[in-house]
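**Student:** Predicted structure and sequence below. I'll ask about it afterward.
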Amino acid sequence: MSTTEQPSRLGRGLSRLAAPLLIAVAIQSVANLAFHAVVGRTLQAAEYGALGAVLAGMTLVAVPLSALQTAAARTSAKHGVTRATAGRALSRTLLVTLPLAVLLVLAAGPIRDFLHLGSWLDAAVLAPTLVAAALVAIGRGLLLGIGRTGLVAGSFLVATAVRLGPGLLCAYLWGISGALIGTLIGEVAGLLVVVIPLLRAEQGPLAVVTLGDLLRTAVVVAGLFTFSTVDLFLARHYLVGTESGFYVAAATIGKTVLALPAAALSVAYPKLVAGWLTDKKGAVLRSSLLVVGVPALAGVAVVAIAPGLVLGILYGDSYSDAAGVTRILAIIAGLSAFVSVLAHAALARGSRWALIPWAAALLEIVLIGLRHSTMTEVAQGSGIALTVALLALLVTELPKWLGHRSSVPAVPQPAS
């Protein structure tokens, strides 16, 4: 195979691998909007506000759980998955999350009062949801590491179908409690899709998701999350009146652009881990940038061409003044997908340069703190930080991955 054919074949292979997950995530995103649309019309406004507060609480665990998935994918990409590996990972996750779930149950009363919920159950449902979400994250990570994207996509689709079927029925019968229980049932259904095949895996040696690997991954993932979202919180803090709402709406649209690239990255990362110590590492990085970058740039194109139309569909005509900043933030979000790929490339080779997004987030905070009188100034601070992060990661990662020098360890020769 020629050197020009190799990257294109790897890119096509990675695209085929990512395709089921991209389709599933797209369907899930649309279904989530449908769920909220139906529930929002079923519940009273005050009830829907309470539901939104609890669902927001559920999303707070998204960052640590995505780190758990990424660390599990790294382990299985290196060592494969056996029944012993899957059993150990799932049982350890259960042992860690059960005490946290107990604490959430004990805190259900104060949580209910703080969020003005209708019942203790509405707050207590966070506990089993946390356990199920953690188990499904580690299960999906193990499967992604060995390329079983079809099963992972199936878990998303089953969870979505259950949420839209029995979940909406529960919401109709029991209001906010039913909607939350429906969300939990969907999570459990998705969990079964990934756990059953893992527990039927072949017997073999044990590989462990180490605490050190999990912590390193969590730090990097948290840095990327902070880098991509801190401007939204700062805009909410510094801007006043309608500009604050305009910026949050524009930023939310920009973050939505990242849904499909994030799914593609979860498939690409195990390939980066496996490819780092091979002579195909350059092709692996190029194909990863391609499979993540194409959906990112496609999403950017839609928003950048017609930001007013997108705003009008989602928020109504009163948000038309946010069209300009929506275009800017969509472009920033699309380019930040490449920052994510390069940071994960650094993580795959165990480099501290994976922490660059943390430095960029701090720069973003400083820049926005200095200039924040308008939406555009806030967006400019975010854009400058993005440029610095992207250039820094290009400088650190491209020579390592695309250089001619092989990273494959030398094989010791037997003594004569």
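**Tutor:** Perfect, I can see it now.

**Student:** Please, which helix or strand holds the residue nearest the centre of the chain?
**Tutor:** Closest to where the C-alpha atoms of the chain average out (C-alpha atoms, centre = their mean) is A262, at 5.4 Å. Secondary structure assignment for A262, by DSSP states H and E: helix 259-275.

**Student:** With T226 instead?
**Tutor:** Element membership for T226 (DSSP H and E) is helix 211-238.

**Student:** chain center to that helix, what's the gap?
**Tutor:** Taking C-alpha atoms, centre = their mean, to the nearest Å, the mean C-alpha location of helix 211-238 is offset from the chain mean by 11 Å.

**Student:** How about stretch 301-315?
**Tutor:** 23 Å.

**Student:** Please apply the same query to stretch 148-168.
**Tutor:** Distance of stretch 148-168 from the chain centroid (C-alpha atoms, centre = their mean) equals 17 Å.

**Student:** Which residues does it contact?
**Tutor:** Outside stretch 148-168, the residues that touch it by C-beta atoms under 8 Å, 6 or more residues apart in numbering are 17-18, 20-21, 23-25, 27-28, 31-32, 34-35, 38-39, 136, 139-140, 143-144, 179, 181-183, 185-187, 189-194, 197, 267. Placement of C-beta: from N, CA and C, glycine included.

**Student:** got the angle between the helix holding T226 and helix 259-275?
**Tutor:** On the basis of axes from the mean of the first three to the mean of the last three C-alpha atoms, to 10 degrees, helix 211-238 is oriented at 150 degrees to helix 259-275.

**Student:** helices and strands around helix 211-238, which ones?
**Tutor:** helix 62-79, helix 242-256, helix 323-348, helix 356-370, helix 375-402 (3 or more C-beta pairs under 8 Å, 6 or more residues apart in numbering; DSSP states H and E).

**Student:** List the buried residues in that helix.
**Tutor:** Neighbour counts over helix 211-238 (16 or more other C-beta atoms under 10 Å) mark 213-214, 216-218, 220-228, 230-232, 234-235, 238 as buried.

**Student:** thinking again about what came up before, in contact with the closest residue to the residue nearest to the centre of the chain other than its chain neighbours: list those residues for me.
**Tutor:** Using C-beta to C-beta, 6 or more residues apart in numbering and skipping the chain neighbours, the partner closest in space to A262 is S340 (7.5 Å). Neighbour list for S340: 224, 261-262, 265, 292 [criterion: C-beta under 8 Å, 6+ apart].

**Student:** One more: A71?
**Tutor:** Residues near A71 by C-beta under 8 Å, 6+ apart: 141, 209, 213-214, 217-218.

**Student:** Tell me the one of those nearest G299?
**Tutor:** Nearest to G299 out of those is G141 (C-beta to C-beta; 24.6 Å).

**Student:** so what secondary structure elements neighbour the helix holding A262?
**Tutor:** Helix 259-275 is packed against helix 5-42, helix 62-79, helix 126-145, helix 281-305, helix 323-348, with contacts defined by 3+ C-beta pairs under 8 Å, 6+ apart.

**Student:** Many thanks, we can stop here.
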